[in-house]
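> Predicted coordinates and the sequence they were generated for:
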Amino acid sequence: MSAAHSSKPLRPTHVVTCFLVRDDGQLLIVQRSQKVGSYHEHWAGISGFVEPNVTPDEQAFVEIGEETSLQRDQVRMLKRGAIVEHLDEELDRHFYVHPFLFSVLAPEDIKTDWEAVAMRWINPDELTNYETVPKLQEAYHSAIHGENVGQ
């Protein structure tokens with residue numbers, strides 16, 4: 001069997017990653033639980049699969065609502081980053097990460113759900129000190145350098 005034959009394309013998988021920041025510039029990261037599908041115990045932004053017939057922008061608000069219990073009026077979308085790609089042979093997925101930067105207006109109201117076992121506010125340059133999901137650093141840079149979103 002030729003090599004070209006055995007390597008079928010990976011499943012395209014669109015996900016959103018939302019970077020939530022407070023007024024003081026601190027960034028929210030959450031530690032993924034054992035109950036999520038992949039990257040257990042790795043640190044991440046607020047993230048999830050983009051559902052069929054839902055725009056990444058819309059999905060970003062849905063994930064924030066589910067995973068932090070923050071409502072739409074408690075966050076503000078600031079920027080939309082360029083897609084960051086990640087190939088994961090083990091999971092048979094070609095991830096297309098849609099990064100977003102959000103300002104959190106009510107950080108004290110955050111209540112994480114079952115997807116996270118811990119949350120932390122960190123200085124963004126401390127991201128490298130954490131074992132994160134793949135390409136989190138790149139996604140963060142994409143988000144902060146992304147296009148401004150008028151809301």
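That came through fine.

> Could you point out the helix or strand that follows the worst-scoring helix or strand of the chain on mean pLDDT?
Ranked by mean pLDDT, DSSP states H and E, the weakest helix or strand in the chain is helix 3-6, scoring a mean of 45. Later in the chain than helix 3-6, the nearest helix or strand by DSSP states H and E is strand 11-21.

> which residue ranges form the helices in the chain?
3-6, 56-68, 136-144 (DSSP state H).

> and for the second one, what are the contacting residues?
The one in question is helix 56-68. 14, 16, 18, 20, 28, 30, 46-51, 54, 70-72, 75, 77, 80, 98, 100, 102, 110-113, 115-116, 149 (C-beta atoms under 8 Å, 6 or more residues apart in numbering). For glycine as for every other residue, the C-beta is placed from the backbone atoms N, C-alpha and C.

> which regions of this protein sit below the pLDDT cut-off?
Across the chain, the ranges flagged by pLDDT under 70 are 1-7, 150-151.

> My understanding was that residue 103 contacts residue 79; is that so?
No - counting by C-beta atoms under 8 Å, residue 103 does not reach residue 79; the two are 9.9 Å apart.

> Out of those two, name the residue with the larger neighbour count.
Each of residue 103 and residue 79 has its neighbours counted (other C-beta atoms under 10 Å); residue 79 has more, 18 against 15.

> so who does the more buried one touch?
100-101, 143-149.

> what does residue 143 give?
Taking C-beta under 8 Å, 6+ apart, one finds 17, 19, 79-81, 99-101 in contact with residue 143.

> In those residues, find the pair that's most separated.
17 and 79 (12.4 Å; C-beta to C-beta).

> residues shared between the contacts of the two?
Residues touching both residue 17 and residue 79 by C-beta under 8 Å, 6+ apart: 100, 143.

> how far away is residue 31 from residue 55?
Residue 31 sits 28 Å away from residue 55 when distances are taken as C-beta to C-beta, to the nearest Å.

> who's more crowded, the two?
Set residue 31 next to residue 55 and count neighbours by other C-beta under 10 Å: residue 31 wins out with 19 against 12.

> If that one is in a bridge, with which residues?
residue 43, residue 118 (DSSP bridges).

> check contacts around it.
41-44, 116-120.

> Let me see the contact set for residue 39.
Residues near residue 39 by C-beta under 8 Å, 6+ apart: 32, 133-134.

> All set now, cheers.
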